[in-house]
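K.L.:
Turn this into a model:
(one chain, ligands or ions: 2)
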Amino acid sequence: MKKTLAYIRPYGGKTALALVTKFLGSVAELVLPYVLSHIIDDLIPLKDAAAIYAMGGIMLFFALVALGGNIWANRLSAQVSGAMTHDIRYDLFRKTCYLKCGQVDSVTMPSLISRLTSDTYYVNRMVARTMRMGVRAPILLLGGLLFCFLLDVKLALVLLAVVPFVGAAIFMITRKSVPMYMKVQKSGDNMVRTMQEDITGIRVIKTLSKTEYESQRFADVANNLASTEFKAQRTMSLTNPLTTLILNLGLVCVIIAGAFLSGEPGVITGFLTYFTIVLNAMLGISNIFVILSRGMASASRIESVLDLDETELVEELPAGDENCAVEFRDVSFSYNGKEDNLSAVSFRLGRGQSLGIIGATGSGKTTIINLLMRFYDVSGGAVYVDGRDVRSVPADELRVKFGVVFQSDFLMAASVRENIDYDRGLSDDEIWRAAECAQAKEFIDGLEGGLDYDLAQKAGNLSGGQKQRLLIARALAANPEIIVLDDSSSALDYATDAKLRAALAREYASSAKVIVAQRVSSVKNCDLILVMDDGKISGKGTHEELIESCAEYRAIAETQMGVAE
Ligand SMILES: Nc1ncnc2c1ncn2[C@@H]1O[C@H](COP(=O)(O)OP(=O)(O)OP(=O)(O)O)[C@@H](O)[C@H]1O
Ligand SMILES: [Mg+2]
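P.N.:
Residues are numbered from 1 along each chain as shown. Ligands and ions are numbered 1, 2, ... in the order given. Alright, predicted model coming up:
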């Protein structure tokens, strides 16, 4: 909570002003019944019209101060809470961008999304309401009681006696509800996840005629959210009626006592008005607790992300072979810290050489790339780039060496130029050179506006093969030292794929290339080919060597290219 509250600090001046105005408005509101009881008890019996008008004028003045003060304070609090929520969202988003892959895996993407959206909303509501009611309600409560004492001490004592009961009820209910709201937010994460999956997978769902099945799956998570929310609300909804009941019982006592103890009608009228004010203040306070419990649950979810340490430790570690662009030395790795997803992986790749990685799905091909780019740290062994352990190179310095197309990469809803350039300030010449090598020039020329052609969201207005070519162009555009293509030519026809490989070898002769592919033809000409099987290297060598020595590779080659090959 501390960290969240610190976001108010830059708006301290406005916050103070809001609190002071709210204070003045609330005090003005409190004075009104007191003046009224004075008019009824002291002025009306005297029939002093001038004095009554004067007092009426004073009442009008206080009413206006109350109105103006409250409106202004509400505006200020909306500004402060809006601005601080903006800051929290910005920091949280930045943090999310910098998180290590393992941290994103453990918090999960849907949960990050709901922390950025609904949790920040609840924090906003908490701050806005607390600034408004947080000053007003206690002042009305304490002031109301104070004026009651001024009017009649004995009656006031009767009223005061019920206040602790109300306080205890609110405390007990709130204590129960905070964990409940934590559960509500968790169910919210589930719903966001299901929704995200359904929207992105809408075509698969339609193709497999699984609309009914998915609707049911969504209904289940939505029902779960509704029922946890219902439970939390049911507990919290006890607060208002319970507060009203206890205070009304107090009111009955006050009226009975008033009948015996106080004869003056003005005092009783004033008292009843203050009683309503005290009642409303109590209800306001209990409402704040409802909003606070939800807001605090959200704040702690946000803070738990902000508190994550995303710095990638850079430490002095022994160097590898300087002549290698990439070297894996007996690398093992596990995503969950239990069973190994990679074990005993070793290979060396010289500058300008190409590495092909082939193997069944789930055999660890992408994992090799994840470790090469240090998205995760190895559990054993070491990964070297240019002879330096990747853990001893600052992240920016390491990643700028790479031009990479990930397996399920993304394009932005922006122009072709912006997608290839990606804010690296590349010239059109550099962009065209990359596009030409990626075999994308021809189709970009055919687009209306060429490089200025706007892509739809997720590049929905391009074909699968066109998307892949743009992604490859983006990877090549900055002339990287190491080019990594993870299964990124699968949508290209054989002839285009062959042209791409030839252009890569010709135009990017000095760059090391790592090519993950399902097709033997895509890796056949590589200087070194790894055949992966269940996280281990089951074959290593050139195409010819592997055809001789690796049964698995031979089997893949035979099914894809015929025995003659
Ligand atoms: N983020 C992750 N968290 C946990 N396990 C993972 C994660 N990513 C991959 N794995 C597991 O690691 C293993 C290797 O995955 P990897 O993505 O490297 O396979 P791959 O060879 O690239 O497969 P494909 O050809 O389907 O892309 C798989 O068993 C997979 O389930
Ligand atoms: Mg993969």
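K.L.:
how deep is whichever residue of the stretch 251-400 of the chain sits closest to ligand 2 tucked in, by neighbour count?
P.N.:
Residue nearest to ligand 2 within the stretch 251-400 of the chain: T366 (3.1 Å; CB to the ion). In this view, the C-beta of every residue, glycine as well, is placed from N, C-alpha and C. T366 has 19 neighbours, counted by other CB atoms under 10 Å.
K.L.:
so what's it up against?
P.N.:
407, 486-487, 516 (CB atoms under 8 Å, 6 or more residues apart in numbering).
K.L.:
Next up, phi/psi of it, please.
P.N.:
The phi/psi pair for T366 (degrees, to the nearest 10) reads phi -70, psi -30.
K.L.:
Would you map the helices across the stretch 251-400 of the chain?
P.N.:
265-306, 365-372, 395-399 (DSSP state H, counting those that start in this stretch).
K.L.:
Tell me which of those sits most buried.
P.N.:
helix 365-372 (a mean of 22; mean count of other CB atoms under 10 Å).
K.L.:
check contacts around the nearest residue to V80 once chain neighbours are set aside.
P.N.:
Nearest non-adjacent residue to V80, counting by CB to CB, 6 or more residues apart in numbering: Y11, 4.5 Å away. By CB under 8 Å, 6+ apart, the residues touching Y11 are 79-80, 83-84.
K.L.:
Identify those among those residues that sit within helices.
P.N.:
79-80, 83-84 (DSSP state H).
K.L.:
Reformat the helices of the stretch 251-400 of the chain as TSV; add distance to I52.
P.N.:
As requested, those are arranged in TSV below (distance: least, CB to CB, whole Å):
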stretch	distance to I52
helix 265-306	13
helix 365-372	83
helix 395-399	77
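K.L.:
between those, which gets the lowest average pLDDT?
P.N.:
The weakest mean pLDDT among these belongs to helix 265-306, with a mean of 84.
K.L.:
how far is it from where the chain is centred?
P.N.:
Averaged C-alpha coordinates place helix 265-306 at 29 Å from its chain's average position (CA atoms, centre = their mean, to the nearest Å).
K.L.:
Now do N124, the pLDDT please.
P.N.:
Confidence score, pLDDT, at N124: 94.
K.L.:
For the residue nearest to it when sequence neighbours are not counted, grab the count of nearby residues.
P.N.:
The shortest distance from N124 to any non-neighbouring residue, by CB to CB, 6+ apart, is to T85 (4.0 Å). Neighbours of T85 under the rule other CB under 10 Å: 20.
K.L.:
Identify the residues contacting the residue lying closest to V390 once chain neighbours are set aside.
P.N.:
Leaving aside its chain neighbours, V390 sits nearest to R374 (4.4 Å; criterion: CB to CB, 6+ apart). Residues near R374 by CB under 8 Å, 6+ apart: 312, 383, 390-391, 393, 395, 398-399.
K.L.:
My understanding was that F443 contacts L470; is that so?
P.N.:
No: in this structure, F443 is not within contact of L470 by CB atoms under 8 Å, at 9.0 Å.
K.L.:
So these two - more neighbours on which side?
P.N.:
Using other CB under 10 Å as the criterion, F443 and L470 rank with L470 on top: 25 against 16.
K.L.:
Assumed the more buried one was part of a helix.
P.N.:
Yes: per DSSP: H, G, I helix; E, B strand; the rest coil, L470 lies within a helix segment.
K.L.:
what separates it from S488, distance-wise?
P.N.:
Separation of L470 from S488 (CB to CB, to the nearest Å): 11 Å.
K.L.:
Quick check: next helix or strand after the one helix or strand L92 maps to?
P.N.:
Element membership for L92, per DSSP states H and E: helix 49-98. Remark: after helix 49-98, the chain's next helix or strand is helix 101-107, criterion DSSP H and E.
K.L.:
What helices and strands are in contact with the lowest-mean-pLDDT helix or strand in the chain?
P.N.:
The weakest-scoring helix or strand in the chain, judged by mean pLDDT, DSSP states H and E, is helix 239-261 (a mean of 78). Counting contacts by 3 or more CB pairs under 8 Å, 6 or more residues apart in numbering; DSSP states H and E, helix 239-261 packs against helix 153-200, helix 265-306.
K.L.:
and it with helix 265-306, angle?
P.N.:
160 degrees (axes from the mean of the first three to the mean of the last three CA atoms, to 10 degrees).
K.L.:
chain center to helix 239-261: distance?
P.N.:
Worked out by CA atoms, centre = their mean, helix 239-261 lies 47 Å from the chain centre.
K.L.:
What of stretch 147-160?
P.N.:
51 Å.
K.L.:
Tell me the spacing between the closest residue to I547 other than its chain neighbours and ligand 2.
P.N.:
Leaving aside its sequence neighbours, I547 sits nearest to R554 (CB to CB, 6+ apart; 5.5 Å). Separation of R554 from ligand 2 (CB to the ion, to the nearest Å): 23 Å.
K.L.:
So which bits of stretch 144-163 are buried?
P.N.:
Within stretch 144-163, the residues scored as buried using 16 or more other CB atoms under 10 Å are 144-145, 147-149, 151-152, 155-156, 158-159, 162-163.
K.L.:
Start and end of that stretch, how far apart?
P.N.:
Stretch 144-163 has an end-to-end distance of 12 Å (CA to CA, to the nearest Å).
K.L.:
check contacts around L249.
P.N.:
V162.
K.L.:
ok, now G381?
P.N.:
Per CB under 8 Å, 6+ apart, neighbours of G381: 328-332, 344-346.
K.L.:
same thing but 6 Å
P.N.:
By CB atoms under 6 Å, 6 or more residues apart in numbering, the contact list for G381 reads 329-332.
K.L.:
Neighbour count, pLDDT and distance to ligand 2 for those - can I get that in TSV?
P.N.:
Shown next, in TSV, are the contacts of G381 (neighbours: other CB atoms under 10 Å; pLDDT from 0 to 100; distance: CB to the ion, whole Å):
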residue	neighbour count	pLDDT	distance to ligand 2
R329	17	95	22
D330	12	94	22
V331	22	95	17
S332	17	95	18
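K.L.:
Can you pick out the ones from these that are in strands?
P.N.:
Among the contacts of G381, the ones falling in strands (DSSP state E) are 329-332.
K.L.:
From those, pick the one nearest S298.
P.N.:
S332 (39.6 Å; CB to CB).
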